[in-house]
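Enquirer: no letters, just coordinates:
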């Protein structure tokens, strides 16, 4: 599903409870995250709907390197010659998106939370089990606007992965939070602002600490890697996530 203008000039591709984003400005387009493989045709449809062409895409920026965020990254790079940016600490993960060790077994955990099973099944159908990694990525600096359309500013929010970053778009009163803060957790089936379950998070305590970075923002709209956009402000979202705590 394409959802237009979830924030100022930002559009969402949403499928199987996984989100990717399109940032538009006069200089072109920046993609944020690459979802799952079955979302590739949706990206084509989105560009047609927006009246844009693949050659207008100047960059794909990854919040982190997990499989459900790099689904079509290699294809964007190969077929459209689009540079792919990721934090240095997640370069290896983006190349091998299944090679990570969460705090709990990610294959057993959903059976402890059975309402997550339909979501896991939808993700599998969308290609979650056959994602190809992306190499030849460009490491980005944090706390400095990227030289790409929209000029998002990455901020390091480790915990979910070593190199996880959120993207601030201050002039649009918006933050793309990736999996540092989501409004739906695929591994528990629970909705509301929260960190992702330990079944997919490297260090849950560090992920909770990284919420401080989000809470310092004045952004009103948060765009997560999973779940609906949050429009009640960053600080309110963080309070909700801290109240839920580690899981």
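Expert: That came through, no problem. Because the structure is predicted, anything quoted here is derived from the model rather than measured.
Enquirer: residue 6 in helix, strand or coil?
Expert: Following DSSP: H, G, I helix; E, B strand; the rest coil, we place residue 6 in the strand state.
Enquirer: isn't it up against residue 224?
Expert: No - using Cβ atoms under 8 Å, residue 6 is not in contact with residue 224; the gap is 10.6 Å. Quick note: C-beta positions are derived from backbone N, CA and C, even for glycine.
Enquirer: these two - which one has more neighbours?
Expert: Shown here are residue 6 and residue 224; by other Cβ atoms under 10 Å, residue 224 has more neighbours (26 against 19).
Enquirer: middle-most residue in the protein, spatially?
Expert: Taking Cα atoms, centre = their mean, the centroid of the chain lies closest to residue 178, which sits 3.2 Å from it.
Enquirer: from residue 225, how far off is that one?
Expert: Shown here: residue 178 relative to residue 225, a distance of 5 Å by Cβ to Cβ, to the nearest Å.
Enquirer: does residue 85 belong to a helix, a strand or coil?
Expert: Classified using three-state DSSP, residue 85 is strand.
Enquirer: flag every buried residue along stretch 122-137.
Expert: Along stretch 122-137, these residues count as buried under the neighbour rule (16 or more other Cβ atoms under 10 Å): 122-123, 126-128, 131-134, 137.
Enquirer: need the overlap of contacts for residue 178 and residue 225.
Expert: Shared contacts of residue 178 and residue 225 (Cβ atoms under 8 Å, 6 or more residues apart in numbering): 33, 63, 69.
Enquirer: isn't residue 5 right up against residue 11?
Expert: Yes - taking contacts as Cβ under 8 Å, residue 5 lies within contact range of residue 11: 6.5 Å.
Enquirer: who has more neighbours, the two?
Expert: Set residue 5 next to residue 11 and count neighbours by other Cβ under 10 Å: residue 11 wins out with 19 against 10.
Enquirer: OK, contacts around the more buried one?
Expert: The neighbourhood of residue 11, defined by Cβ under 8 Å, 6+ apart, consists of 2-5, 21-22, 24, 46, 50.
Enquirer: over to residue 138?
Expert: So residue 138 contacts 83-86 (Cβ under 8 Å, 6+ apart).
Enquirer: residue ranges with poor pLDDT in this protein?
Expert: For the chain, the stretches with pLDDT under 70 are 102-116, 246-247.
Enquirer: so where do the strands sit in it?
Expert: 2-7, 10-15, 18-25, 28-32, 57-61, 84-86, 138-139, 153-156, 165-169, 174-178, 182-185, 190-194, 221-224 (DSSP state E).
Enquirer: so for residue 76, which of these sits nearest?
Expert: Among these, strand 57-61 comes nearest to residue 76, with 5.3 Å by Cβ to Cβ.
Enquirer: now do the closest one against strand 165-169, angle only.
Expert: Counting by axes from the mean of the first three to the mean of the last three Cα atoms, to 10 degrees, strand 57-61 lies at 140 degrees to strand 165-169.
Enquirer: which residues does strand 57-61 contact?
Expert: With contact meaning Cβ under 8 Å, 6+ apart, strand 57-61 is reached by 27-34, 73, 76-77, 80, 82-86, 140, 146, 148-149, 152, 154, 167.
Enquirer: perfect, I'm done here.
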